[in-house]
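Engineer: okay, sequence plus prediction incoming.
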Amino acid sequence: MSGAFARSLCRLAQNAQKWTLQISEENRVARDALEAARFRLFGALPTGTKRTGNKFLRKKLAGPTLTKWYYRGLKVKSLKQFTDGYADPKWIYRQFKLAELRRRGKGPPKKGEGKRAKK
């Protein structure tokens, strides 16, 4: 083979490589566009290893649960200053139970008189 012929073959091979890359790139773009249209029309999800975020979209929303947990509404203590003679039933019951426990000697110790202080 002559040097010129070898060089032309080399150029042909390089150009063929470029053409196949361009064609495969065009095919990939067209295939992706076709898949996207199919997903929109039929509501199908892509198969394979493509990331769609569907795992997170299927998850139950955490917002309502968090708002229930961290509710910062009006407290009974803040209502007491606006109403005269109102007493919280839970607070009354707690005071009653504590008084009953103290009479039997089972109530909470005063501050500084716990088990550790007796040692």
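Structural biologist: That came in fine, so what should we check first?
Engineer: how are the helices of the protein distributed by residue range?
Structural biologist: If DSSP state H is used as the criterion, the helices of the chain fall at 3-42, 54-58, 63-69, 76-80, 89-103, 115-118.
Engineer: mean pLDDT lowest for which of those helices?
Structural biologist: Of all the helices of the chain, the minimum mean pLDDT falls on helix 76-80 (a mean of 64).
Engineer: and Pro109, which of the helices of the chain is closest to it?
Structural biologist: Minimum separation from Pro109 across these (CB to CB) falls at helix 115-118, 8.1 Å. Yep, even glycine has a C-beta here, placed from its N, CA and C like the rest.
Engineer: give me the contacts around the closest one.
Structural biologist: Contact with helix 115-118 is made by no outside residue, as judged by CB atoms under 8 Å, 6 or more residues apart in numbering.
Engineer: which of the helices of the chain sits closest to Gly48?
Structural biologist: Among these, the nearest to Gly48 by CB to CB is helix 3-42 (10.2 Å).
Engineer: that older thread, got TSV for the helices of the chain, with distance to Pro109 and mean neighbour count too?
Structural biologist: Output for the helices of the chain, formatted as TSV (distance: least, CB to CB, whole Å; neighbours: other CB atoms under 10 Å):
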stretch	distance to Pro109	mean neighbour count
helix 3-42	67	10
helix 54-58	51	8
helix 63-69	32	9
helix 76-80	25	11
helix 89-103	10	11
helix 115-118	8	8
